[in-house]
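J.: Next input, structure requested:
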Amino acid sequence: MARVMKRVQNTLFPLVNIGLAFVMLLIGGTLGLVQGLNRAGVLTIVGGLNYYEILTLHGILLILAFTTLFMNGYLYAAVDYVLGGLSRTVRILAWSSLASFLAGAVLVVYTVLSGEATVMYTFYAPLAAHPLFYIGLVFVVLCIWLAAIGVFISAFQWKRRNKGRHLPLFAFFAVGVYTLITFGSLGVTWEVLMLIPWSLGWTETINVLLTRTLFWSFGHTLVNVWYLVAVSAWYLVLPKVIGGKIFSDSLARLVVILIVVLNVPGGFHHQIVDPGFSEGLKFMHMFMSLSIAFPSLMTAFAIFATLERTGRRRGGKGLLGWLWKLPWKDVRFITIMLAMIAFIFGGAGGIAQTNNQLNQVVHNSMWVVGHFHVTVGVTVVLTFFGLVYWLVPHLSGRRLTPRIHNLGIWQTMFWTVGMLFMTISMSAVGLIGSPRRTEYTTYGEHAHALGWDPYLLFVGAGGTLLFIGVLLMCYIVFHLMFLSPKGETEFMVADVEEPAHKTPKWTENWGLWVIIAILIISMGYVVPIVDIIQNAPPGSPPIKTW
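T.: Just a heads-up that it's a prediction; the model follows:
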C-alpha cells in the first residue's frame with residue numbers, strides 16, 4: 001500500500017498537468033478549425049463568439065495554456081525521476097503553481113467569453129481588456145514562478161546531498177528552462193502591472209511603446225523556452241528511443257547555457273517597424289536573435305552524430321546507409337525526427353522576421369502566422385506528442401499497445417500533412433499581401449484579395465486535417481492514462497557516451513551564468529527603456545472597439 005501511495009504521489013502532478021494540457025489542446029484546436037474554415041471562406045461565424053474572440057482564445061489556450069501545462073508536467077516528472085524524488089516543500093509549490101494557473105485561466109477565459117477581452121494573445125495597448133483579464137495573467141505568471149522555484153529548490157537540495165557531482169543532465173535542462181522563462185516573464189509582469197490600473201481608470205493614459213517593448217521581451221523569449229524544452233527531448237530521450245547514447249554531456253550543457261544567456265535581448269526584431277528605436281538598437285537585437293543559431297547548430301551536430309553512430313552500430317554502411325537503419329516505424333522516433341526536420345525550415349524562415357528589408361515585406365502578414373506554426377506547431381508540439389507515447393504510460397502504470405502505436409502513426413501523418421498544407425499556404429499568401437489577424441473578407445470583391453482565395457482554401461484544408469490530428473491525439477493520451485493494459489513502462493533517458501574528457505565544473509556555476517545573462521539583458525534593454533520613459537510619446541487612454 002505504501003508503495004502504491006508513493007507512486008501516486010510521484011505521478012499525480014505530472015499526469016494532471018498533461019491531462020489538462022490536452023483538454024486545452026482540444027478546445028484550442030476546435031477554435032482553430034473554426035478560424036481556418038472562416039479564413040478559407042467556407043464558414044461564416046454567426047451568433048455567440050466572433051472571429052476575434054475565437055482568435056484570442058485560440059492563442060491563449062494553445063500558446064500559453066497547453067505549452068505551460070505540458071512543460072510543467074514533463075519537466076517535473078523528469079526532475080522527480082533523475083533526482084530520486086521531490087521534497088514536500090517542492091510538491092506544495094508544484095500544486096500551488098497549478099492552482100495559480102487554474103485561477104488565472106478562469107479569469108482570462110471568462111473575460112474573453114463575456115466579450116470584455118478581445119485583445120488577441122499579444123494584448124497590445126491601447127486596446128483594453130477588462131481588469132480581470134490582466135489580473136488573470138498575473139496568476140499565470142505566478143504559476144511559472146512557483147514551478148521554477150520548485151525546480152531550483154530540488155536542484156539545490158540534490159547538489160547539497162551530492163557534493164562534487166554534476167547535476168543530472170535532465171535536471172540541468174529543467175533549471176535552464178525555468179531560468180530562461182523567469183527572465184522572460186519579468187518584462188511582461190511589469191507590463192501587466194501597468195495595464196491593471198490603466199484598465200481600472202486609475203491612470204488616464206499608458207505608454208504604448210513601453211508596453212509593446214516589455215511584451216516582446218517575454219514573447220520572443222517564450223518561443224525559445226518551448227524550443228529548449230523540445231531540445232531536452234532531442235538530447236536525452238531520442239538517443240534512448242533509438243538505442244544510442246548522448247553524444248556529449250559537456251556540449252549539451254553548453255547549449256543550455258548559451259540559450260539562457262543569449263536569448264532575452266532579441267525582442268526588438270518583433271518591433272522593427274516600430275518608431276522610437278535607433279537602427280543600432282534594432283541591429284543589436286537582430287544580432288542577438290541570430291546568435292541563437294550557434295547553439296542550434298551545435299545541437300544539429302550532436303543529434304545527427306548520435307543518429308549516425310547508432311545507425312552504423314545497427315549495420316548501416318556507406319554515406320547514408322545508417323539513415324535507413326533507424327527505427328522509422330517507431331512513433332516515438334518519427335515524431336521527434338519530423339519535429340527536428342521542421343526546425344530547419346522554421347529557423348531559416350525566421351530570418352525574414354529579423355532582417356529589416358525582409359521584415360517590411362512580411363510584417364503583419366500571414367507569413368508570420370505560417371512561420372509560427374512551423375516552429376511551434378511542428379517543432380515543439382510534435383516533440384511533445386512523441387513524448388506522450390512513453391511518458392504517459394510510465395506515469396499511469398500502463399503500456400503502449402500496438403493498436404495505439406499504429407494510431408499514433410496515423411495521428412502523426414494527419415498532423416504533419418495538415419501543417420504542411422497550412423504553413424506553406426499561409427507563407428505563400430502572406431508574401432502576396434494577405435494580412436494576419438483578420439477574418440475572411442474580399443475587401444469589396446477586390447481583385448487582389450480574391451487572388452488569395454486558392455491559398456486560403458488550403459489553410460482551411462490544413463486546419464481540418466489538424467483537427468482530426470487533435471481528436472486522435474487526445475484520444476491516445478486519455479487511453480494511455482485510463483484504458484491501456486497495466487504494466488511497467490521505462491522512463492526514457494539515455495546514458496552518455498564514454499566521454500573523452502570530464503564535464504567541466506564551470507558548467508555548474510549557475511550564479512555566474514545568471515549574472516552574465518542579467519548583464520546582456522541590461523545591455524539590450526536598460527538604455528532603450530530609460531529613453532522610452534524619459535522621452536515618453538503621448539500616452540493613450542484605453543480603447544475598446546468590441
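J.: the longest helix in the protein is where?
T.: The single longest helix within the chain, with elements called by DSSP state H, is helix 2-39.
J.: what angle sits between whichever helix or strand comes after that helix and helix 2-39?
T.: Downstream of helix 2-39, the next assigned helix or strand under DSSP states H and E is helix 51-59. Put simply, helix 51-59 runs at 150 degrees to helix 2-39, going by axes from the mean of the first three to the mean of the last three C-alpha atoms, to 10 degrees.
J.: average pLDDT for the very next helix or strand once past helix 51-59?
T.: For helix 51-59, the succeeding helix or strand toward the C-terminus, using DSSP H and E, is helix 67-82. Per-residue pLDDT values across helix 67-82 average out to 95.
J.: Check which helices and strands helix 67-82 sits against.
T.: Applying 3 or more C-beta pairs under 8 Å, 6 or more residues apart in numbering; DSSP states H and E, we find helix 67-82 packed against helix 2-39, helix 88-113, helix 131-161, helix 169-200, helix 208-236, helix 381-396. (Glycine included, C-beta is placed from N, CA and C.)
J.: Let's have the ones you listed in CSV, adding mean neighbour count.
T.: Below are those laid out as CSV (neighbours: other C-beta atoms under 10 Å):
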stretch, mean neighbour count
helix 2-39, 19
helix 88-113, 19
helix 131-161, 20
helix 169-200, 22
helix 208-236, 24
helix 381-396, 24
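J.: To residue 302, which of the ones you listed lies closest?
T.: helix 208-236 (7.0 Å; C-beta to C-beta).
J.: For that closest one, what is the distance to the chain centroid?
T.: Mean C-alpha position of helix 208-236 versus that of the full chain (C-alpha atoms, centre = their mean, to the nearest Å) differs by 7 Å.
J.: swap in stretch 440-453?
T.: 33 Å.
J.: Could you do stretch 445-458 as well?
T.: Centroid separation for stretch 445-458 versus its chain: 31 Å, with C-alpha atoms, centre = their mean.
J.: For it, C-alpha coordinates in PDB please.
T.: This file holds the C-alpha atoms of stretch 445-458, laid out as PDB (Å, rounded to 0.1, in the frame of the first residue of the first chain):
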ATOM      1  CA  GLU A 445     -14.600  41.900 -54.200                       C
ATOM      2  CA  HIS A 446     -11.200  43.500 -54.800                       C
ATOM      3  CA  ALA A 447      -9.300  41.500 -57.500                       C
ATOM      4  CA  HIS A 448      -6.100  41.300 -55.400                       C
ATOM      5  CA  ALA A 449      -8.000  39.900 -52.300                       C
ATOM      6  CA  LEU A 450      -9.800  37.400 -54.500                       C
ATOM      7  CA  GLY A 451      -6.400  36.100 -55.600                       C
ATOM      8  CA  TRP A 452      -5.800  34.900 -52.000                       C
ATOM      9  CA  ASP A 453      -8.700  32.500 -52.000                       C
ATOM     10  CA  PRO A 454      -7.000  29.400 -53.500                       C
ATOM     11  CA  TYR A 455      -4.300  29.700 -50.900                       C
ATOM     12  CA  LEU A 456      -6.800  30.200 -48.100                       C
ATOM     13  CA  LEU A 457      -8.700  27.100 -49.100                       C
ATOM     14  CA  PHE A 458      -5.500  25.100 -48.300                       C
END
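J.: Sketch out the low-pLDDT regions of the stretch 301-450 of the chain for me.
T.: Along the stretch 301-450 of the chain, the model assigns pLDDT under 70 to no residue.
J.: And the helices in it, which stretches?
T.: In the stretch 301-450 of the chain, the segments counted as helices under DSSP state H, counting those that start in this stretch are 331-349, 351-354, 356-362, 366-372, 381-396, 402-431, 447-450.
J.: Which one, of those, ends up nearest to residue 493?
T.: Between the helices of the stretch 301-450 of the chain, helix 381-396 lies closest to residue 493; by C-beta to C-beta that is 10.4 Å.
J.: and the angle for that closest one with helix 67-82?
T.: Using the same axes, to 10 degrees: helix 381-396 against helix 67-82 is 50 degrees.
J.: before we move on, back to that, which strands and helices lie in contact with the longest helix of the chain?
T.: Helix 2-39 sits against helix 51-59, helix 67-82, helix 88-113, helix 381-396, helix 453-482, with contacts defined as 3+ C-beta pairs under 8 Å, 6+ apart.
J.: I'd like the ones you listed written out as a markdown table, with distance to residue 11 added.
T.: Converted to a markdown table, the helices and strands packed on helix 2-39 look like this (distance: least, C-beta to C-beta, whole Å):
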| stretch | distance to residue 11 |
| --- | --- |
| helix 51-59 | 30 |
| helix 67-82 | 7 |
| helix 88-113 | 12 |
| helix 381-396 | 4 |
| helix 453-482 | 10 |
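J.: Ok, which of those helices comes nearest residue 255?
T.: Smallest distance to residue 255 across the helices and strands packed on helix 2-39 (C-beta to C-beta): 15.6 Å, for helix 381-396.
J.: chain center to the closest one: distance?
T.: 16 Å.
J.: re earlier: make CSV from the helices and strands packed on helix 67-82 and add distance to residue 242 to it.
T.: As requested, those are exported to CSV (distance: least, C-beta to C-beta, whole Å):
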stretch, distance to residue 242
helix 2-39, 24
helix 88-113, 31
helix 131-161, 28
helix 169-200, 17
helix 208-236, 12
helix 381-396, 12
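J.: Which of the ones you listed sits closest to residue 464?
T.: Residue 464 lies closest to helix 2-39 among those, at 6.6 Å (C-beta to C-beta).
J.: Among the helices and strands packed on helix 2-39, single out whichever gets nearest to residue 226.
T.: Taking C-beta to C-beta, helix 67-82 is the member of the helices and strands packed on helix 2-39 nearest to residue 226, at 5.5 Å.
J.: any idea of the angle the closest one forms with helix 169-200?
T.: Angle, helix 67-82 to helix 169-200, by the same axes, to 10 degrees: 150 degrees.
J.: relative to helix 208-236, how tilted is helix 67-82?
T.: Using the same axes, to 10 degrees: helix 67-82 against helix 208-236 is 40 degrees.
J.: so how far is helix 67-82 from its chain's centroid?
T.: How far helix 67-82 lies from its chain's middle: 14 Å, per C-alpha atoms, centre = their mean.
J.: Stretch 116-125 now?
T.: That offset, for stretch 116-125, works out to 20 Å (C-alpha atoms, centre = their mean).
J.: And for stretch 405-418?
T.: 21 Å.
J.: in it, what's buried?
T.: 407, 408, 411, 412, 414, 415, 416, 418 (16 or more other C-beta atoms under 10 Å).
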